[in-house]
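give the three-dimensional model of this entry:
(chains A and B)
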There are 2 protein chains.
Amino acid sequence: MPNPTAAMIVIGDELLSGRTRDSNMFHLAGELTKSGFDLKEVRVIGDDRNVIMSTVNALRATHDQVFTSGGIGPTHDDITADSVAAAFGVAIDVREDARAVMQAHCRRLGIELNAARLRMARVPEGAALIDNPVSSAPGFTLENVHVLAGVPAIFEAMVASVLPTLVGGAPMLSETVRVDRPEGEVAGPLGRISEAYPELSIGSYPFLIHGQFGVNLVVRGIDRQILDSAVNELRAAFPRGPE
Amino acid sequence: MPNPTAAMIVIGDELLSGRTRDSNMFHLAGELTKSGFDLKEVRVIGDDRNVIMSTVNALRATHDQVFTSGGIGPTHDDITADSVAAAFGVAIDVREDARAVMQAHCRRLGIELNAARLRMARVPEGAALIDNPVSSAPGFTLENVHVLAGVPAIFEAMVASVLPTLVGGAPMLSETVRVDRPEGEVAGPLGRISEAYPELSIGSYPFLIHGQFGVNLVVRGIDRQILDSAVNELRAAFPRGPE
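Numbers count the residues shown, from 1 in each chain, chains lettered A, B, ... in the order given. Coordinates of the predicted model:
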């Protein structure tokens, strides 16, 4: 049986302007692979209500799980929670359970629960809260859509909160064979070995380091024996020279 | 007049499995902003012919320019060029101009123009070649779709080749105001200033460094005077304490 699928929506104008380099995609991709989810697509979009709504609705209909990153803070440009509620056609308001979390947080720090902070207690009707051990303001899950913060430390903590609650598939195993020859010389034999192992995915990732071309061959699959057999064939086809 | 829009398609299973961290999105986003293009969306997808075709066709119809990254090398998993040709419904084969480029490259290095390297001379009918000063194998432009390599050094060289040939808009100006207070205390005044400047986009990007919360307020627009005026108001609203 194929693994359950996942999609990710990274939300933020700052990523599309080149001001900020996203790191949440890389983190989530690795965690999903470990948990046996097959991440099929990531979309990076701006802070635009209609775009968020249509993207959420497109991806939640076609993937088992959808994760969003960004846009759930206290400021005027944090419109993700409201846009996701609108995508589902459900109401959103300050909810007592989320308010209690923010209230306890503010009391602990001796800060005021002002209107801006209360905004982070706005949660769509029917959603389950996602724990935020870093700064308290919760994420939430609505059906198969998990709405997480954009700040990397908080995003990663929320992924750790929500991922163990989901049922994944067989973890994908992976081995890398490095070949210090240009990809153009590797392609022929590689294609033949790849055809002989239809149950594996064998990717070829060229690199260029200090003016030398080489290629990493990445073999992925869920069966350890088949994986090892393909790796041995690749090593025999592309022996490494003396170091 | 609004700036012309752009979209990017990042192609590669290795990005979705968490094996590789993409850097081409961040590079292209910055270059597009400098050239006055408004990057609206980035999609990261796998090496899958149907997904590449449908993504190219969806984005080229809705954006002025589309850039792809990855999947144009010599190996069996490099299917981008064929998939883009299929998306446009045009033929693809080894083309004499591209073969000449690869032939000269191989002669220069004293290597064989084998079948795998010749694969990189496959170019869709009607496409214009994009120069690759790093490793010769060309990218190509078909209408408003620019097909570039995935290896970052080659991707960046191809962006430098193709971007000056496109007509952009007014470069977006940007100023950042750093506030060493938690976002929940900044949101109120920020919202009021943001409303007073509808021609600017003011984003609020919280950070967490050494346990201290703060926020970068990023003001973007194309008019220097209006931009400076908003930045001055923000600085007055959030004065910095003694360093």
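
what's the separation between the most centrally placed residue in chain A and residue A:9?
By Cα atoms, centre = their mean, chain A has its centre lying nearest to residue A:28, at 3.1 Å. Using Cβ to Cβ, to the nearest Å, residue A:28 is found at 11 Å from residue A:9. For the C-beta atoms, the positions are set from N, CA and C on the backbone; glycine is no exception.

intersection of neighbour lists for the two?
Common neighbours of residue A:28 and residue A:9, using Cβ atoms under 8 Å, 6 or more residues apart in numbering or on different chains, are A:67, A:69.

okay, strands next: where are they in chain A?
A:5-11, A:38-45, A:65-69, A:92-94, A:122-124, A:128-130, A:139-142, A:145-148, A:173-179, A:201-209, A:212-221 (DSSP state E).

tell me the average confidence for the second one?
It stands for strand A:38-45. Strand A:38-45 shows a mean pLDDT of 97.

wondering if it reaches chain B at all.
Yes - part of strand A:38-45 sits near chain B under the criterion Cβ under 8 Å from any Cβ of the partner chain, namely A:39, A:40, A:41, A:42, A:43, A:44, A:45.

is it possible to get TSV of these that adds neighbour count and distance to residue B:1?
Supplementary listing: the residues of strand A:38-45 next to chain B in TSV, determined by neighbours: other Cβ atoms under 10 Å in any protein chain shown; distance: Cβ to Cβ, whole Å:
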residue	neighbour count	distance to residue B:1
A:39	27	38
A:40	19	37
A:41	22	32
A:42	27	31
A:43	21	27
A:44	26	25
A:45	24	23
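
wait, residue A:156 sits on residue A:26?
No - counting by Cβ atoms under 8 Å, residue A:156 does not reach residue A:26; the two are 10.9 Å apart.

tell me which of the strands of chain A sits nearest to residue A:191.
The closest of those to residue A:191 is strand A:201-209. By Cβ to Cβ, the value is 9.3 Å.

for residue A:190, give me its contacts.
Here residue A:190 is in contact with A:202, A:204, A:217, A:234, A:237, B:75, B:76 (Cβ under 8 Å, 6+ apart).

give me the low-pLDDT residue ranges for chain A?
Along chain A, the model assigns pLDDT under 70 to residues A:241-243.

please, where are all the helices along it?
In chain A, the helices defined using DSSP state H lie at A:13-16, A:24-34, A:49-62, A:80-88, A:96-109, A:115-119, A:152-162, A:183-196, A:224-237.

name the residues of stretch A:112-120 that come out as buried.
Neighbour counts over stretch A:112-120 (16 or more other Cβ atoms under 10 Å in any protein chain shown) mark A:113, A:116, A:117, A:118, A:119, A:120 as buried.

quick check, that stretch touching chain B?
Yes - residues of stretch A:112-120 contacting chain B under Cβ under 8 Å from any Cβ: A:114, A:115, A:116, A:117, A:119, A:120.

residue A:1: which of these is nearest?
For those, the minimum distance to residue A:1 (Cβ to Cβ) is 39.1 Å, reached by residue A:120.

do I have it right that that closest one meets residue A:140?
No - judged on Cβ under 8 Å, residue A:120 makes no contact with residue A:140 at a distance of 10.9 Å.

now do the contacts for the residue nearest to the centre of chain A.
With Cβ under 8 Å, 6+ apart, residue A:28 has these contacts: A:8, A:39, A:67, A:69, A:155, A:159, B:18.

the residues of strand A:38-45 next to chain B into JSON lines, with extra columns for distance to residue B:225?
Listed next are the residues of strand A:38-45 next to chain B as JSON lines, based on distance: Cβ to Cβ, whole Å:
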{"residue": "A:39", "distance to residue B:225": "45"}
{"residue": "A:40", "distance to residue B:225": "46"}
{"residue": "A:41", "distance to residue B:225": "42"}
{"residue": "A:42", "distance to residue B:225": "38"}
{"residue": "A:43", "distance to residue B:225": "36"}
{"residue": "A:44", "distance to residue B:225": "31"}
{"residue": "A:45", "distance to residue B:225": "31"}
